[in-house]
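Undergrad: Okay, predicted coordinates and the sequence, questions at the end:
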2 protein chains.
Amino acid sequence: MHRTRVRVVEDALDANTTIAHANRADFDGHGVTVVNLMSAPGAGKTTLLEAVFRAGLGDVRPGVLEGDVQGSLDADRLGMLHVPVTQINTDGGFGGECHLDANMVRSALGEVPLDEIDLLIIENVGNLVCPAEFRVGEDAKAMVCSVTEGEDKPLKYPLMFRTCGLVVVNKIDLLPHLEYDIDKLLHNIRSVNPDAEVMQVSARTGEGVEGFRDWLVRVGDRAAAPA
Amino acid sequence: MHRTRVRVVEDALDANTTIAHANRADFDGHGVTVVNLMSAPGAGKTTLLEAVFRAGLGDVRPGVLEGDVQGSLDADRLGMLHVPVTQINTDGGFGGECHLDANMVRSALGEVPLDEIDLLIIENVGNLVCPAEFRVGEDAKAMVCSVTEGEDKPLKYPLMFRTCGLVVVNKIDLLPHLEYDIDKLLHNIRSVNPDAEVMQVSARTGEGVEGFRDWLVRVGDRAAAPA
């Protein structure tokens, strides 16, 4: 019985990989670069994207695929900034899943204007565990980590920190009001992912946001560049 | 194929319920009341428990079952307060699950000194989605919600807020430094769970913590009272 269960899990993962490759082929066919953006609930992904879209991404045309269990609060916020936003709700036929997988993303691709964008940012469901386990066909994984969450999160959720090439440390405007040792966080990030790029920002005040904007432009320009 | 998948999911849920009943019978047999404590990562569950254990729970003898994907950082913190703590790691044979289920709790019961405690607090994995879906044999579900997470969380994670009888709003010491409308949060909580008890606390400064302590004592005394 145990062996049967393992086999089923492996099949499921294989199916996800197969569909992720199909997504990848569609993105490549349209010259779209894809960033899978993850975080715990309330870490500030949407506020960070609002700040970036207000500043603008130069020639890179962004779009957003918004993942939530229910509702479209974040999509509504981003839609006001004249960025094409497509909502996926995981409770609509997907059992209220705590993450996006390749098949959910694929089910939404018909609604994403791939011909009109260069960079698709997939804002995943707020969760530090399962979103890290499912490839969706992205070029890069990035995460937002709020200083209000404590310095120990890389050690408690190592797969998430290990799988992301970029860690955006958000809400640094609150540091004077917290008992928080940012060097301890940076040490913990390095201990699970020595190669991660780390940025410190405040999406609310705008401090450091240009670094994330520039990172997105670099990623997006790979798509805009002639093949 | 779709019908097969649905059947498997239903079986899994039934198995969880069956095992949750078995856990419940064991807890009852030892006169132990059980609280399933949930939150997003970094909302302050452990800091809140530290504050409560330092204040003491009177005649109620607490114990903790600590759920994490990896590591024992929180268990180590609580163990220093001379409370019996048992660690469950979901990556040890449970595939790195993002929640505790009844079977994981059952697998740890042999390590929990049920004869020496009146109140078992199960500190679940930090996650606002899946922990709400799995009964583990608890008497009550409670959650911690940090004001740094934004006012919209009840609308984005309604099952979690709906399933909890108590919502502890934490980190209110940071309110002067946030753009946060606590009335909006309370409105959103009421919109998904009109019956929820709501407390406002700062686990760091101790403000309001006695309310959560008294709630735990009331819950625990049900167990200590003669049958």
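TA: Nice, I can see it.
Undergrad: Thought residue A:139 was touching residue A:222, still the case?
TA: Yes - counting by C-beta atoms under 8 Å, residue A:222 touches residue A:139, with 7.5 Å between them. (Each C-beta comes from the backbone N, C-alpha and C, glycine too.)
Undergrad: which of the two has more neighbours?
TA: Neighbours were counted for residue A:222 and for residue A:139 using other C-beta atoms under 10 Å in any protein chain shown; residue A:139 has more, 19 against 14.
Undergrad: how far away is the more buried one from chain B?
TA: 25 Å (C-beta to the nearest C-beta, to the nearest Å).
Undergrad: Now do the same contact list for that residue.
TA: Shown in contact with residue A:139 (C-beta atoms under 8 Å, 6 or more residues apart in numbering or on different chains): A:27, A:33, A:34, A:35, A:219, A:222.
Undergrad: ok, 6 Å please
TA: Contact partners of residue A:139, counting by C-beta atoms under 6 Å, 6 or more residues apart in numbering or on different chains, are A:33, A:34.
Undergrad: Can you report phi and psi for it?
TA: Main-chain torsions, residue A:139, degrees, to the nearest 10: phi -90, psi -40.
Undergrad: What separation do you get for it and residue A:220?
TA: 10 Å (C-beta to C-beta, to the nearest Å).
Undergrad: got any residues that touch both of the two?
TA: Contacts common to residue A:139 and residue A:220, judged by C-beta under 6 Å, 6+ apart, are residue A:33.
Undergrad: joint contacts of residue A:222 and residue A:139?
TA: In contact with both residue A:222 and residue A:139: residue A:33, using C-beta under 6 Å, 6+ apart.
Undergrad: Give me the residues contacting stretch A:51-59.
TA: So stretch A:51-59 is contacted by A:81, A:83, A:203, A:206, A:209, A:213, A:217 (C-beta under 6 Å, 6+ apart).
Undergrad: cutoff 10 Å now
TA: A:44, A:62, A:64, A:78, A:80-83, A:118-119, A:121, A:201-210, A:212-217, A:220-221, A:224 (C-beta atoms under 10 Å, 6 or more residues apart in numbering or on different chains).
Undergrad: and residue A:191, how many neighbours?
TA: Neighbour number of residue A:191 under other C-beta under 10 Å is 12.
Undergrad: Check which helix or strand it maps to.
TA: helix A:182-192 (DSSP states H and E).
Undergrad: Tell me which helix or strand comes right after that helix.
TA: strand A:197-200.
Undergrad: Buried ones in the next helix or strand after that next one, by neighbour count?
TA: Sequence order places helix A:209-224 as the next helix or strand after strand A:197-200, per DSSP H and E. For helix A:209-224, a neighbour-count test (16 or more other C-beta atoms under 10 Å in any protein chain shown) marks A:209, A:212, A:213, A:215, A:216, A:217, A:219, A:220, A:221, A:223, A:224 as buried.
Undergrad: now swap in stretch A:172-184 and tell me
TA: A:172, A:173, A:174, A:175, A:178, A:180.
Undergrad: same question for that stretch, mean pLDDT?
TA: Mean pLDDT, stretch A:172-184: 97.
Undergrad: Tell me which residues are up against that stretch.
TA: Contacts for stretch A:172-184 (C-beta under 10 Å, 6+ apart): A:146-152, A:154, A:169, A:171, A:187, A:198-208, B:148, B:171, B:173-174, B:176-178, B:204.
Undergrad: which stretches of chain A form helices?
TA: Along chain A, the segments classed as helices by DSSP state H run A:2-29, A:45-55, A:73-79, A:102-108, A:153-156, A:158-163, A:182-192, A:209-224.
Undergrad: Can you report how many residues neighbour residue A:194?
TA: Counted with other C-beta under 10 Å, residue A:194 comes out at 8.
Undergrad: meant to ask about residue A:80, not that
TA: 11.
Undergrad: ok, now how distant is residue A:152 from chain B?
TA: 5 Å.
Undergrad: Identify the residues contacting that residue.
TA: So residue A:152 contacts A:184, A:185, A:188, B:41, B:42, B:46, B:71, B:73, B:74, B:77 (C-beta under 10 Å, 6+ apart).
Undergrad: which residues sit in contact with the fifth one?
TA: Listed by C-beta under 10 Å, 6+ apart, the contact partners of residue B:42 are A:40-43, A:128, A:145-153, A:156-157, B:126, B:146, B:148-149, B:171.
Undergrad: From the residues you listed, which land in strands?
TA: If you go by DSSP state E, those have A:145, A:146, B:146 in strands.
Undergrad: Need the max-distance pair from the buried residues of stretch A:172-184.
TA: A:173 and A:180 (12.2 Å; C-beta to C-beta).
Undergrad: returning to what we had before: of all the buried residues of helix A:209-224, which comes closest to residue A:114?
TA: For the buried residues of helix A:209-224, the nearest to residue A:114 is residue A:223 (10.5 Å; C-beta to C-beta).
Undergrad: how close does the residue lying closest to residue A:129 once chain neighbours are set aside get to residue B:128?
TA: Leaving out its chain neighbours, the residue that sits closest to residue A:129 by C-beta to C-beta, 6 or more residues apart in numbering or on different chains is residue B:98, at 3.5 Å. Using C-beta to C-beta, we find residue B:98 at a distance of 10 Å from residue B:128.
Undergrad: again, but for residue A:178
TA: Residue A:178 is 22 Å from residue B:128, by C-beta to C-beta.
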